[in-house]
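Participant: the sequence isn't on hand, but the structure is:
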């Protein structure tokens, strides 16, 4: 009788320990199930002024033109960072006004495979979902007579 | 003597130019004329016999062959003068037009395939949340145009 009462809590403890181990093993597996992604952050100084396109923006010209239309005519690159990252790893870039801009790839959605991207810029945060290879912009901060436009592109790593 | 007679026979057969006769005497010229007459008689008799026996007229056949050889020589000279492509285009237009058409079709098909493979990216962006302690936030996007990228404007009201 005494032995049985001792065995029962031990069995419960063993089950709990087993469940914890399984949970601990499963958590990293599920987190690392999402593939890596290449996140590119391009800091652009857009102005009205005479037409100008930085050579590095040539591949993005169609998107810039269709998105901003007549709003800007001059596009210069201040900084450009592109990194292959695991989910949760930020890609940081320092804006010319001293504000840190972080783009964090947060994995893919299970249903449509969209890429989750979080943006953290000073007191501004946003969470978006984009298609593989898609791009979006954050814009609005004034600098050097122009407007800072930050292009964020994320593409899944095919390898 | 045999030499002159042989030359007369060759002139009669057309193997030597007729101006060779100018260097000969009247007797040789008469002999050449006789050889020519004899050759014509023999040829006509041979043709008549061949026709009667149902044998092809070799004279006409060789004349046709010579005409074709001469035509080929003229074409070669024309090709050398105008260039091989122009000459080929003139003689065998299909040999030029068919490969050219096939090449144009292949290029067009390749362009369609390549441009289709590099389709414009879908820049549709779903903004799930945004937050800022100050300033205004507005999202500029056109849901009907996936090529147009979304712009998340963060405007500091102090800056205007």
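Facilitator: Sure, I can see it. Just so it is clear, the model here is predicted, and its values are computed rather than measured.
Participant: got phi/psi on residue 71?
Facilitator: Just so you know, I chose chain A. phi -60, psi -40 (degrees, to the nearest 10).
Participant: check it and give its pLDDT.
Facilitator: Among the per-residue scores, residue A:71 shows a pLDDT of 93.
Participant: next one: residue B:86
Facilitator: With respect to pLDDT, residue B:86 scores 76.
Participant: what's it in contact with, if anything?
Facilitator: residue B:79 (Cβ atoms under 8 Å, 6 or more residues apart in numbering or on different chains). In short, each C-beta sits where N, CA and C put it, glycine included.
Participant: quick one: low-confidence parts of chain B?
Facilitator: B:1-2, B:55-58, B:111-120, B:158-160 (pLDDT under 70).
Participant: residue ranges for the helices of it, please.
Facilitator: B:2-13, B:26-53, B:58-82, B:84-91, B:93-117 (DSSP state H).
Participant: tell me what the closest residue in space to residue A:57 that isn't next to it in sequence is bridged to.
Facilitator: Nearest non-adjacent residue to residue A:57, counting by Cβ to Cβ, 6 or more residues apart in numbering or on different chains: residue A:75, 5.3 Å away. Note on residue A:75: beta-bridge partners residue A:46, residue A:53, judged by DSSP bridges.
Participant: ok, the one 4 residues further on next?
Facilitator: Residues found in beta-bridge contact with residue A:79 (criterion: DSSP bridges) are residue A:43.
Participant: pretty sure it is touching residue A:43, no?
Facilitator: Yes - using Cβ atoms under 8 Å, residue A:79 is in contact with residue A:43, at 4.3 Å.
Participant: domain parsing for the chain?
Facilitator: Going with chain A. For chain A, automatic domain parsing gives the domain ranges A:1-33, A:37-156.
Participant: could you do chain B instead?
Facilitator: Domains of chain B are assigned by automatic domain parsing as B:2-91, B:121-160.
Participant: mind listing what residue A:145 touches?
Facilitator: Taking Cβ under 8 Å, 6+ apart, one finds residue A:47 in contact with residue A:145.
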